[in-house]
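Chemist: starting from these lines, generate the structure:
(chains A and B)
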Amino acid sequence: MTRWIDIAALDDIPPRGARTVKTAQGCVAVFRTFDDRVFALDDRCPHKGGPLSEGIVHGHAVTCPLHAWVFSLETGRALGEDDGSVATYPARVEQGRVLIDATRLQTWRVA
Amino acid sequence: MKKRLVIVGAGMASGRLIEHLLDAAPDRWDVTLFNAEPRGNYNRLMLSPVLSGEKAYEDIITHDDAFYADRGITCRFGEPVVRIDRAAKVVVTAQGDTPYDRLVIGTGSAPFIIPVAGKALPGVVTYRDLEDTNAMIAASRPGAKAVVIGGGLLGLEAAAGMAARGADVTVIHLMSHLMERQLDPAAGYLLQKDLERRGIRVHCKGATKAILGEDKVEAVLLEDGTVYGADLVCMAVGIRPETRLATDAHLEVNRGVVVDPQMRTADPDVFALGECVEFDGQLFGLVAPLYDQAKVLASVLNGGDAAFRPVQTATKLKVTGVDLFSAGDFADKPGREEIVFRDPGRGIYKRLVLEGDRLIGAVMYGDTADGNWFFQKIKDGADISGERETLIFGPAFAGGVAADPLAAVAALPPEAEICGCNGVCKGQIAAAIDGGATTLQLVRARTKASASCGTCTGLVEQVLALSLGEAFQMPTAQPMCACTDLTHEDVRRLIKAQELKSMPAVLQELGWRTSCGCPSCRPALNFYLLADWPLDYRDDAQSRFVNERLHANIQKDGTFSVVPRMWGGVTNARELRAIADAADKYNVPMVKVTGGQRIDLLGVRKDDLPAMWADLNAAGLVSGHAYSKGLRTVKTCVGTEFCRFGTQDSTGLGVRLEQRLWGSWTPHKVKLAVSGCPRNCAEATCKDVGIVCVESGYQVGVGGAAGMDLQETQRLVAVETEAEAMDVTVAFVQLYREHARYLDRPYKWIRKVGLDWIRSQVLDAEIRAALIARFDLSQSIYQKDPWAEHARPDAARRFRPLADLSLEAAE
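Modeler: So this is what the prediction gives:
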């Protein structure tokens, strides 16, 4: 089951760039690619914890700013020689708004 | 007793016949030679140079009076034969009958006159003999208007010849491209362009309707209504065999006089040769087969058994400066394949037509040096399957598989053009290399070869390799990244040459293989674009590494460091207080003094950056660009201000240099230092630009570094005044910005281009002023404090998360 929530306008994210969303489990990076698609991934490189949201976005991939590991935004898997992956979350654009699936992002505590 | 041989027509074929015949049997024949023209044999092929003025008639005579006299030949020049009486075995002229044992008809051909009104007006000529040529020469006074009808071999030679004499020439051609029998449309197009460049107007698909004029020719009217004024009209639409004598003598005549392989007509004692002949349904207009016929006929007359076998012929246009060659059959037909080579910049076109494993046709334009080599292959019917891959490159490459590109370059003559953009030939490049230009960059700087579009870079490198041998290390052209095959140097040049002013323009026009580049090429392209087009290009933050995008240095834990600028390493209590306050306010875990004489605040959270910058800005502090490929620091010592050894105001110069240069983006980081005396306390001799003050002025050194490589500066120049030191520094930085590849520190760039070249630019007053002007123009856009911009609320927003789901979740 998915629970789409509206987090921002698409234009809040620069094309070929990213912004972050804070969650209880840590930051999630929301990427906007050259073709105006959006992708949500954990904002933490499995190598040394670099903030992927600060990397250069190219095609449907991002390069970590610390040691240049490259990750597929579609699968979260490291590309090239490196081995590793980051969690991905469903995200989409609807009428200029960015929606992400919050099912796994929010910790629902019973009050 | 000698046999009587009568020859009608003293053309090139019969001339050659006489030579062969009498060389083999000097005493067998009593030769009588009739000619309608009042002269003997001359080289008609050379009428074009006579027309253009490059040769005189005397130069093209092949058989003079002495030739005929020595061989006892009776010459009856200017005496047309009017009839052949085969029954009586005599030829009839105005002077009476001349008997023969054997008769050779060599009447040649007559120009074809198109049946239009006005065709007989005075001023309408053909192009066949010396009389025609002289008529055209007389009419070709400068400014005269000439129209040539027919864009074939002959017509174009007539046109070029008259144009060379100053006439205003128009060529009217019925077909859609010139010389359609010898050339394909592509080569025809190049030919037309060449002719038009010489001022010859070309009207293709033009059908002549009438030649206008009262008493003499005045104009030519085309079917499409176009009218070209004309003082002279040359009809060169074609020739037809001159067969009237043969027809009247009831010999077999189709289009030409029909002969067998022994050149014999229907009458066993009557032979024919030359352009009047038809053999196996074919007519012959080019000289090679005519000479073959002469050889055969000489043998037959002397009792031999030779036989004429037509072979392929090749065509070259005899127009000075037009290089054109065609041979064989080059029509498009099923089952045929072609190999095409084009070099639009140099106007070169080569096309080979293959049928199976054989070369059957070749058309070349612009570079015909290999024409005869191809022609031989066509004539031989050689199997070319083994050399097919390199065939088009000609004999220099022959041998196929292990083709050595150096061999092809080695085979080029000195005048062969290497760089089409700048018109630089191989000889000029070789001379530059002999003069000490031992790198591509030096050759480019001195000759401009490969300095424009860059497509000839490989050729220039090959010339270097040939001239220098092992001393030249052929660079393995390293592409910029996986997105392209172009090198950084190629891309920089093309951005300038093609005026590419945006990232999409570069990716599209230079054929990037990726949708939007990669982390390797994007920052480089962003720099090249903003450096070359400061007014047109908009800096793309998303193509910058995080440090330059956020104007802070990212640390291993994802926090940032903040370094305010301290001009020349000078600060004061107020600034230090503001820095201390900021360190307290934002819980900065470490405050450290840097190697560049300023203070680093380490461990700042991204969210805090805009607010911290606003606080520092309030105290007058701006970004120190400690994160940028741009001007970093200008380190100084105290100089004359306090130091007892100081010779100049090194601190003041450092401050002023930093104020001038800050904010500029460069290919890599740029660090400066100014020392007040040769004790060099500011360590200026390991900086990108290091100035050492002396009593007499300022020693400006460049190309130092103390990073991965340790490099001492090299002296660029010594100047007397601070203003000169500033100017030279600014010009050097701008030259570096305009030419270096991304991520080359100045010392690496200097190694590639040579300090001499840099001196030649920076020390030339005019070039220096232009460099400074371009630097200042760029600074008018880029010299602004990024902290102030990003501290504004709308920009600061971007430093915070889009949303905070952790709070929502907790509720």
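Chemist: from here on, contacts and neighbour counts on C-alpha atoms
Modeler: OK.
Chemist: give me the contacts around the helix-or-strand element of chain A with minimal mean pLDDT.
Modeler: When the helices and strands of chain A are scored by mean pLDDT, DSSP states H and E, strand A:78-79 comes last with a mean of 90. Residues from elsewhere that reach strand A:78-79 (C-alpha atoms under 8 Å, 6 or more residues apart in numbering or on different chains): A:Trp69, A:Val70, A:Phe71, A:Ser72, A:Gly84, A:Ser85.
Chemist: again with stretch B:33-45
Modeler: Contacts of stretch B:33-45 with the rest of the structure, by C-alpha under 8 Å, 6+ apart, involve B:6-12, B:15, B:60-65, B:73-81, B:128-129.
Chemist: wait, doesn't B:Val591 sit right on B:Val604?
Modeler: No - the pair B:Val591 / B:Val604 is not scored as a contact, 10.8 Å apart, by C-alpha atoms under 8 Å.
Chemist: more neighbours, the two?
Modeler: Legend: neighbour count by other C-alpha atoms under 10 Å in any protein chain shown for B:Val591 and B:Val604, higher for B:Val604 (24 against 17).
Chemist: contact partners for that one?
Modeler: Contact analysis of B:Val604 by C-alpha under 8 Å, 6+ apart lists B:Thr559, B:Phe560, B:Ser561, B:Val562, B:Tyr586, B:Asn587, B:Val588.
Chemist: need the pLDDT of B:Thr636.
Modeler: Looking at B:Thr636, its pLDDT reads 97.
Chemist: related to what we said a few turns ago, and the contacts of B:Val604, which of them are buried?
Modeler: Those of the contacts of B:Val604 that meet the buried threshold are B:Thr559, B:Phe560, B:Ser561, B:Val562, B:Tyr586, B:Val588, by 16 or more other C-alpha atoms under 10 Å in any protein chain shown.
Chemist: now do the same for the third one: helix, strand or coil?
Modeler: Using DSSP: H, G, I helix; E, B strand; the rest coil as the criterion, the local structure at B:Ser561 reads strand.
Chemist: near chain A too, which of the contacts of B:Val604?
Modeler: Contacts with chain A within the contacts of B:Val604, as defined by C-alpha under 8 Å from any C-alpha of the partner chain: none are present.
Chemist: let me have the residues you listed in JSON lines, extended by pLDDT.
Modeler: Output for those, formatted as JSON lines (pLDDT from 0 to 100):
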{"residue": "B:Thr559", "pLDDT": "94"}
{"residue": "B:Phe560", "pLDDT": "95"}
{"residue": "B:Ser561", "pLDDT": "96"}
{"residue": "B:Val562", "pLDDT": "96"}
{"residue": "B:Tyr586", "pLDDT": "96"}
{"residue": "B:Asn587", "pLDDT": "95"}
{"residue": "B:Val588", "pLDDT": "96"}
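Chemist: put together a markdown table for the residues you listed, with distance to B:Ala138 on each row.
Modeler: Output for the contacts of B:Val604, formatted as a markdown table (distance: C-alpha to C-alpha, whole Å):
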| residue | distance to B:Ala138 |
| --- | --- |
| B:Thr559 | 90 |
| B:Phe560 | 88 |
| B:Ser561 | 88 |
| B:Val562 | 87 |
| B:Tyr586 | 97 |
| B:Asn587 | 99 |
| B:Val588 | 97 |
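Chemist: closest one of the buried ones among the contacts of B:Val604 to chain A?
Modeler: B:Thr559 (9.7 Å; C-alpha to the nearest C-alpha).
Chemist: surely that closest one meets B:Gly603?
Modeler: Yes - B:Thr559 lies in contact with B:Gly603 (C-alpha under 8 Å); the separation is 5.1 Å.
Chemist: residues from the stretch 401-550 of chain B in reach of chain A?
Modeler: Contact residues (C-alpha under 8 Å from any C-alpha) of the stretch 401-550 of chain B with chain A: B:Thr514, B:Ser515, B:Cys516, B:Gly517, B:Cys518, B:Pro519, B:Gln542, B:Ser543, B:Arg544, B:Phe545, B:Val546.
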